[in-house]
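Colleague: sequence unavailable; structure follows:
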């Protein structure tokens, strides 16, 4: 890793250091967050050359640029603009939704939610099914709001690695993709998004067992199986009605989640709009997921399948989902310009520059420790997606989440 000289006027008395400060060889001198207590300490720091790593240097550059833009828009004097330096708050990621914080153990939280979903979707005739599903989607959206990148990272990774108990894990991922995608659709009321999440979770409730069986089956569908697949949307809606669901948008979205046509979302009736979002998210998630008889696509190929409609034209619903996930969603594998393979941890400020941890070196050997890479730099730029079967590495998800 290389290091960049830190402008000395970034340091201020009474404020913590924004980055870990190093010498020119990279040796740590001052940990990030160390308080600059007084003028004497500040003088000691600024009179020696201090360096930061490339990733911190880029974050500083972006923050200074943002501060300059803010001052220009406020018609500040040129002298103040020239001295623009970021505060610590300028370097923080966007805040979570009100009242939310990052989950202490996201791995366990999402695993538990998938277990709950599997138990619930296995039997729509169980007592209080509808109430339990509404509570499940409430937990789901709370966990998404705590950190959308953690949610995508864990669910996308799980989808690309495992096809056992496929039906429930697929439903949870589709619900999350729809929730995030709907935030890029103008006019989606909160009540409609609730109906959409419920529909995404329950769209295949009439064939949960069959869907799990098909994921493990390496032979073509039999005649009876094909009949069940082709009729499952209507049968799922009927099962939901029998379970006490009276929400018309929920039922309509389930009924049409395979047949909602392309077109401008604003021109669609609400139920069909929800169904269209679910359909494109369903395609995206399914293409990233392996079956015993079918390999998973790379995330970029799956994104293209979701983005282009039945006429091979850009699809508005698919576009909303890709805007939400980025071209390389957290959890997927990517190839870097230097030949390394990495896993995406978080979405970046640019769609083609996510936060990536390298896990395999250019020679194909697994790295002892995942290494964060600055994908905005040419040497570490993302050059494309990697299909899951091309890399056999067991990831320590908890450790990866702690890197960001």
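Modeller: Arrived safely. As the structure is a prediction and not an experimental result, all values here were calculated from the model.

Colleague: contacts, neighbours, all on C-alpha from now
Modeller: Fine.

Colleague: need the longest strand for the protein.
Modeller: Counting by DSSP state E, the longest strand found in the chain is strand 366-373.

Colleague: for that one, which strands pair with it and how are they oriented?
Modeller: strand 355-360 (antiparallel) (DSSP bridges).

Colleague: starting at the chain centroid, how far to the strand it pairs with?
Modeller: 16 Å (C-alpha atoms, centre = their mean, to the nearest Å).

Colleague: how about stretch 363-378?
Modeller: That offset, for stretch 363-378, works out to 20 Å (C-alpha atoms, centre = their mean).

Colleague: tell me which residues of that stretch come out buried.
Modeller: Using 16 or more other C-alpha atoms under 10 Å as the test for burial, stretch 363-378 gives 366, 370, 372, 373, 374, 375, 376.

Colleague: still on that earlier bit, touching the longest strand of the chain from outside, list them.
Modeller: 55, 355, 356, 357, 358, 359, 360, 361, 380, 393, 400, 403 (C-alpha atoms under 8 Å, 6 or more residues apart in numbering).

Colleague: most neighbours of all those, which one?
Modeller: residue 356 (33 neighbours; other C-alpha atoms under 10 Å).

Colleague: wait, what's in contact with the residue lying closest to that one once chain neighbours are set aside?
Modeller: Leaving aside its chain neighbours, residue 356 sits nearest to residue 344 (4.4 Å; criterion: C-alpha to C-alpha, 6 or more residues apart in numbering). Residues near residue 344 by C-alpha under 8 Å, 6+ apart: 153, 328, 329, 330, 331, 332, 333, 334, 354, 355, 356, 357.

Colleague: neighbour-wise, which one of those residues leads?
Modeller: Of the contacts of residue 344, with other C-alpha under 10 Å as the count, residue 356 tops at 33 neighbours.

Colleague: would you confirm that it contacts residue 343?
Modeller: Yes: taking C-alpha atoms under 8 Å as the definition, residue 356 is a contact partner of residue 343 at 5.6 Å.

Colleague: and residue 321, what is it in contact with?
Modeller: 177, 178, 180, 181, 182, 184, 277, 280, 281.

Colleague: would you mind measuring from the fifth one to residue 331?
Modeller: With distances defined as C-alpha to C-alpha, to the nearest Å, the gap from residue 182 to residue 331 amounts to 20 Å.

Colleague: how many residues are close by residue 4?
Modeller: Neighbours of residue 4 using other C-alpha under 10 Å come to 18.
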